[in-house]
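*Asks:* Kindly return the folded structure for what I paste below:
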Amino acid sequence: MKYIIIGLGNFGTTLSASLTAMGHEVIGVDKDMRKVNQIKDRITHAVCLDSSDVHAITSLPLKDADVVIVSIGEDVGASILTTAILKQLQVKRIISRASSDLNRTVIEAIGVDQIISPEKESAERFAKKLQIKGVVDSFELSENYSIIEAEVPPQFVGKTIGEVNFRGRYNLNVLTIIKMREKTNLLGSMYKKPEVLGVIGPEARLEATDILVLFGQPTDVQTCLKAGR
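*Replies:* Residues are numbered from 1 along each chain as shown. I've put the predicted structure just below:
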């Protein structure tokens, strides 16, 4: 996959290097040339530019990127402005960093695909999540087994848990389903808030906006998600 990571602080640098080591194409971006020089030999390409300048950011291959990640930390204004510009340019998928509750509220109002809080999540863990398409979150229980939150693949929409037969076909257990409910934030904008259903049975029917909580091996999850696309 192709990633553009804007903001090469500790989180952005580690994330860029981790994704590159996993075999992905990564373009790292920062307005500080010193940070660009520190990472340039460890990733696919490093660029020095001001991402809050719309003319500068359009020089990046935004249309070719599968994901653009705004990992700017200290400069909240630059983070918000960069996110807004990317949204205006209709970038395919935007993931933006939130360093405070207020920052998160503003980014939610802009309408990004995902918000991350590096203070609560390591860059290595986030990189592992990104490499499996459709994975929203994951928690490693051991070297071989994880609990993984994943989007419902298109081919499974409208089917029940029993009809998909996660355990028999893919060696996975569905622990629960998370429903995304629409709520209103402080600015009056609509956003989606997760609601966990609890224990579910084989008759539970899957909807397009559901999040599956799966237990099993990451390789089996990857096989399952690919089969449903």
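*Asks:* Out of the helices and strands in the protein, which is least certain?
*Replies:* The helix or strand of the chain with the lowest confidence, counting by mean pLDDT, DSSP states H and E, is helix 123-130 at a mean of 63.
*Asks:* Can you tell me the SS state at residue 212?
*Replies:* Assigned state for residue 212: strand (three-state reduction, DSSP: H, G, I helix; E, B strand; the rest coil).
*Asks:* bridging residues for it?
*Replies:* With DSSP bridges as the criterion, residue 212 is bridged to residue 150, residue 177.
*Asks:* ok, residue 215 touching residue 149?
*Replies:* No - taking contact to mean Cβ atoms under 8 Å, the distance of 11.0 Å between residue 215 and residue 149 leaves them out of contact. No exception for glycine: its C-beta is placed from N, CA and C like everyone else's.
*Asks:* Going toward the C-terminus from the strand or helix carrying residue 108, what's the next helix or strand?
*Replies:* Residue 108 is part of helix 101-110, with elements assigned from DSSP states H and E. As assigned by DSSP H and E, the chain's next helix or strand after helix 101-110 is strand 114-116.
*Asks:* elements contacting that next one?
*Replies:* Contacts defined by 3 or more Cβ pairs under 8 Å, 6 or more residues apart in numbering; DSSP states H and E place strand 114-116 against strand 94-97, helix 101-110.
*Asks:* circling back to that earlier point, what residues of the helix holding residue 108 count as buried?
*Replies:* Along helix 101-110, the positions that meet the burial threshold by neighbour count (16 or more other Cβ atoms under 10 Å) are 103-104, 106-109.
*Asks:* again with stretch 204-219
*Replies:* Within stretch 204-219, the residues that count as buried by 16+ other Cβ under 10 Å are 206, 210-218.
*Asks:* what's the span of that stretch, first residue to last?
*Replies:* Using Cα to Cα, to the nearest Å, the end-to-end distance of stretch 204-219 comes to 24 Å.
*Asks:* where does the protein dip in pLDDT?
*Replies:* Applying pLDDT under 70 to the chain flags residues 119-134, 136-138, 185-192.
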